[in-house]
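Peer 1: Take a look and give me a structure for this.
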Amino acid sequence: MSTLEFNDALVNLEQYLKSFAYNYTRNKDDAEDLTQETMLKALKYRNQYMPQTNFKAWVFTIMRNVFINQYRRKVKSGTIFDSSKDSYLLSNATENHENPTNYMLGKDLNKSINSLDEDYKKPFKMHFEGFKYQEISDNLKIPIGTVKSRIFIARKKLMNLLPDYNYLAN
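Peer 2: Okay, here's the model as predicted:
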């Protein structure tokens with residue numbers, strides 16, 4: 001499939017993608033964002049498309065994966081958007097984070113993370129923010145095995161830097 005044919009096929013799917021995205025998001029703006037992100041990923045990874053296979057299914061699978069990854073990031077960050085007419089920002093937290101123990105833990109943790117070498121700090125922070133290993137690898141332009149290794153080493157270093165909090169990890 002040539003680049004021109006690929007682009008035409010993708011553009012022809014745009015309206016179907018928007019409708020499908022709306023089923024996921026239940027919000028017109030979010031559906032458009034999801035569609036745009038899907039089309040960008042399809043263009044970025046077009047060399048992974050196998051000619052003579054179902055192009056529409058391939059693109060819709062990308063959309064599903066993008067949606068799932070975005071949803072996981074939102075859940076991990078502790079906030080989600082209510083898709084009602086007034087769009088409230090909701091906290092997904094189950095406990096009160098404003099207590100002194102959590103404040104001190106956060107302060108100690110941030111201080112320890114910032115003390116890591118840049119090689120370990122950047123991948124660890126990105127992983128903590130919800131990025132997948134492959135996304136970190138692509139962003140930092142390092143092999144995925146290196147990403148996994150650096151995150152593992154960063155965790156070990158943080159456990160050594162924060163021995164008083166080891167009981168919280170169990």
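Peer 1: Touching, E37 and R64? I think so.
Peer 2: No. With contact defined as C-beta atoms under 8 Å, E37 and R64 do not form a contacting pair (12.0 Å). The way it works is simple: take the backbone N, C-alpha and C, and place the C-beta from them, glycine included.
Peer 1: Tell me which of these two has more neighbours.
Peer 2: E37 (17 against 13; other C-beta atoms under 10 Å).
Peer 1: Roughly how far does that one sit from Y22?
Peer 2: 14 Å (C-beta to C-beta, to the nearest Å).
Peer 1: before we move on, what about R150?
Peer 2: In terms of C-beta to C-beta, R150 sits 39 Å off from Y22.
Peer 1: Repeat that for E5.
Peer 2: Counting by C-beta to C-beta - E5 and Y22 are separated by 27 Å.
Peer 1: and what of Q52?
Peer 2: Applying C-beta to C-beta, the value for Q52 to Y22 is 30 Å.
Peer 1: now do K44
Peer 2: For K44, the distance to Y22 - C-beta to C-beta - is 23 Å.
Peer 1: Compare those two (neighbour count), which wins?
Peer 2: When neighbours are counted by other C-beta under 10 Å, K44 and Y22 differ, and Y22 comes out ahead with 16 against 11.
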